[in-house]
Structure formats: C-alpha cells, structure tokens
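Student: Quick one, fold the following:
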Amino acid sequence: MDRFKQSNRANWDERAEIHAQDRTGFYAIDRFLAGEDVLYPIESAEIGAVSGLKLAHFQCHIGIDTLCLARRGAIATGLDFSPQAIAKARALSVRSGVQADFVEGEVYDAPDLLGTDFDMVFTSWGTITWLDDIRAWAKAIAGTLKPGGRLYFADSSPAIATHEEIDGVIRPHYDWRSAREKPQRFDSPTTYTGDETPLVTDFTYEWMRGTSDVIDALLRAGMQLDFLREHEVLPFKLFPMMVDAGSRMFQLPAGIPRMPLALSLGATKR
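Tutor: As a prediction, this is how the structure comes out:
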C-alpha cells in the first residue's frame, strides 16, 4: 500500500471510531436501530427491489447502508479497506440483529475476496474520489457481477467536485483530472459529520476525474449503461453555503444558479 492509501486508511480508521458513535446523528444509527430505513432518498428511489439478491456493497464504511439493504431482503456483503470500519460494521450488525457479512480489503480485489456471482454491486456517496485507478474499479465491479448483474452508483458529480466556495462564491479550484501519482491533498481537523473530535491524521488524498472517465471505465469493463441522472441535492454540505433540503439532504441556497451536485447511474454486465 502506497503512502497515499496508508494515510487515507489511518484517517478512515479514526473516522470509523467517531462515526460509529454518531453523536451528531449524521448516520442516523439510532433511527436505524429503531427499525427505520435510512437510505438517502436518491438511492432509495432508484435502486429497485433487492429482496433475494446477492449484493456486494463496495466501500461500505461502518455498514449502515449495507444493513439497510439487508433489511430490505438482500443477501448483503460489505467491503472496506479500513479494519476499524469493518469492526464497527460487524458490531452494528449484531446490535441491530440484521445479518450481513463484512470483509476487509481493497475494492480492486473484490472478485478474489468476495466471489464472481453477485446479482448487484452497490456503491454510493464519497467513493470514487478515494480511488487512484477508476478502470481497475470498473473491472472489479464487472468481475464481481455475474452476467446480467447490475451496478447501482450514486456520488458527488465529478463536475462539481473540482469547485470550492471561496469568499462566498463557488469557483473552479482544482484540475478536473488528477495524475495517479499526484492526488489532491485536503486538510481537515475534524470529520464531515459535525463531530468536533480532532483527527490525528487530519489530511487526506483524493483523485479528481471526469464523468466521462467513470462512464468510459464501465463501458471498457463490459458494462452497459442503463441510466444516468443528475441531482441538485447531496447528503452532506459540499459547500458551507448549502442549506437543509429535508430528508437529510442539502442544496444550494436561493439565488445561486442551479448546478448538478450529484450523479447516479445504473449499469448491467453484458
């Protein structure tokens, strides 16, 4: 594991400890334990029926979405590179009484770690920016799915991820593509949930890429695109100016030009 991934994993190990406590309610763990389905509205509306499907959740973090999908009837397995996140996910499975498997490992190794006969791969919110090889990601998806298996993906729009809010204005700030050996460094003393616990590893490395890179990688891997949609909401404040849109989602305030903040797609393995 290179120094970028080592640093990121240390950061995510720390975040897993903080997020599992969910002191701010960002992950709605108490609501989930009380029986509520806490998938965000975009994927909840688009994913379709999963009951009885063998489902792999890539980059599952502490497992809350994996367990929501299992509660919907999926035979779910979560995969994440953070051992602390996997430990928290397994503990949450026990606490909730919802059965799912959780495996520690790199997403690129998913076919070897999980198998090659899944009906669905699910991955959402804050995933591809952590990956240095989008084509290897797409190959892992295709390799994990059986023929006719489908992918559901939702994340920040790559087009908006290159922007920052500077002096109250959203401006282009980063190159739209990052070289594999030169990711963008981001410094943050705390995590994104609003919990003020200081992070020891208080920086991360992320890779910028275009929407075309994502689509091209999936097509090259043998996936057929079923739909591609853009959305004006996100489940987190990408920019400080964003305001509550309801249902644990955020949007740009009135008076700001509308922009695509999120992207979702479905694809099927040919």
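
Student: wait, what's in contact with the closest residue to Phe186 other than its chain neighbours?
Tutor: Using Cβ to Cβ, 6 or more residues apart in numbering and skipping residues adjacent in sequence, the residue nearest Phe186 is Thr204, 5.2 Å away. Heads up, the C-betas are built off the backbone N, CA and C, glycines and all. By Cβ atoms under 8 Å, 6 or more residues apart in numbering, the contact set of Thr204 is 7-8, 11, 130, 185-186, 188.

Student: Now distance to Gly168 and neighbour count too, for the residues you listed, in JSON lines please.
Tutor: Output for the contacts of Thr204, formatted as JSON lines (distance: Cβ to Cβ, whole Å; neighbours: other Cβ atoms under 10 Å):
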{"residue": "Ser7", "distance to Gly168": "31", "neighbour count": "16"}
{"residue": "Asn8", "distance to Gly168": "30", "neighbour count": "21"}
{"residue": "Asn11", "distance to Gly168": "28", "neighbour count": "21"}
{"residue": "Trp130", "distance to Gly168": "29", "neighbour count": "20"}
{"residue": "Arg185", "distance to Gly168": "24", "neighbour count": "11"}
{"residue": "Phe186", "distance to Gly168": "20", "neighbour count": "13"}
{"residue": "Ser188", "distance to Gly168": "20", "neighbour count": "11"}
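
Student: Now the two most distant members of these.
Tutor: Trp130 and Ser188 (14.3 Å; Cβ to Cβ).

Student: roughly how far out does the helix or strand harbouring Lys146 sit from the chain middle?
Tutor: Assigned by DSSP states H and E, Lys146 belongs to strand 145-156. From the chain centre to the centre of strand 145-156 is a distance of 13 Å (Cα atoms, centre = their mean, to the nearest Å).
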